[in-house]
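Enquirer: Fold the following and give me the result.
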Amino acid sequence: IKLPILRKVIFATDYDIVAPTQNSFKRFHMGFEKNLYHFLKLRGGINQGFIVGGFSLNFFLIKFDYAYFGEELSSTLGNSPLLTHNLKLSLLF
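Expert: Below you'll find the predicted structure:
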């Protein structure tokens, strides 16, 4: 099966061996980044069991990043989730 959209995808994952919790979902982190065009990157993944994602727009001297991020603040999943939308505007010079 040829899937050209999966070419040149950056993929990373890690698992915290030493962590203050025994919950395996809280220890697992996985993500990918795909450069769709020279100015647009898409990102997605899983952080502590939460689906996360975002994108980056790069126009010459201006860069805009957006991310939706989820993190569990307590030792067990579902007790105290922190779900955030993050925006970043950068001027490159």
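
Enquirer: Would you map the helices across the chain?
Expert: Using DSSP state H, the helices of the chain run over residues 24-27.

Enquirer: Please report how far F50 lies from N23.
Expert: 13 Å (CB to CB, to the nearest Å). Quick note: C-beta positions are derived from backbone N, CA and C, even for glycine.

Enquirer: F55 is in contact with N35, correct?
Expert: No. If you go by CB atoms under 8 Å, N35 and F55 don't touch, sitting 10.9 Å apart.

Enquirer: Out of those two, name the residue with the larger neighbour count.
Expert: Taking neighbours as other CB atoms under 10 Å, N35 and F55 compare with F55 leading, 16 against 13.

Enquirer: For that one, give me its contacts.
Expert: Applying CB atoms under 8 Å, 6 or more residues apart in numbering, we find F55 in contact with 40-43, 65-66.

Enquirer: ok, now T13?
Expert: 28-31.

Enquirer: which residues pair with the nearest residue to L57 once chain neighbours are set aside across the strands?
Expert: Excluding the flanking residues, the one nearest L57 by CB to CB, 6 or more residues apart in numbering is F64, at 4.5 Å. Under DSSP bridges, the beta-bridge partners of F64 are L57, L89.
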